[in-house]
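Engineer: Sequence and computational prediction follow.
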Amino acid sequence: MKKGIHPDFKLITVRCACGAEHKIWSTVDTLRIDVCSNCHPFYKGGKGVQFVDSEGRIDKFRRKYGENY
Ligand SMILES: [Zn+2]
């Protein structure tokens, strides 16, 4: 590996808007996020959450709440 051309990776703490903290390897010093695996509804959905939108529920949701939920 050549020296000087690769960014420094370091273990940083990412703080989410919900208060959860996550340790990740990154090249930046600090990172703030709005949603994480702890609070995003996708991860909280549990059973029944599907990738396939067979019933158009995603479209229905977007029509009701807009794209910027
Ligand atoms: Zn969160």
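Structural biologist: Cool, the structure landed. This is a predicted model, so every value here is computed, not measured.

Engineer: Do me a favour and average the pLDDT over the longest helix along the chain.
Structural biologist: With residue count as the measure and DSSP state H as the assignment, the chain has helix 57-65 as its longest helix. Taken as a whole, helix 57-65 has a mean pLDDT of 81.

Engineer: per-residue pLDDT, residue 47?
Structural biologist: At residue 47 the predicted local distance difference test score is 56.

Engineer: sorry, that was for residue 21
Structural biologist: Model confidence at residue 21, given as pLDDT, is 90.

Engineer: my guess is it meets residue 12, correct?
Structural biologist: No: using CB atoms under 8 Å, residue 21 is not in contact with residue 12, being 10.2 Å away. In this view, the C-beta of every residue, glycine as well, is placed from N, C-alpha and C.

Engineer: So the two - more neighbours on which side?
Structural biologist: More crowded of residue 21 and residue 12, by other CB atoms under 10 Å: residue 12, with 16 against 10.

Engineer: contacting residues for that one?
Structural biologist: By CB atoms under 8 Å, 6 or more residues apart in numbering, residue 12 lies in contact with 23-26, 28-31.

Engineer: So it versus the ion, what's the distance?
Structural biologist: Distance, residue 12 to the ion, by CB to the ion, to the nearest Å: 16 Å.

Engineer: Which strand residues bridge that residue?
Structural biologist: residue 24 (DSSP bridges).

Engineer: And it, how far from residue 5?
Structural biologist: Residue 12 sits 21 Å away from residue 5 when distances are taken as CB to CB, to the nearest Å.

Engineer: those strands in the chain, which residues are they?
Structural biologist: When secondary structure is read from DSSP state E, the chain shows strands at 10-16, 21-26, 31-33.
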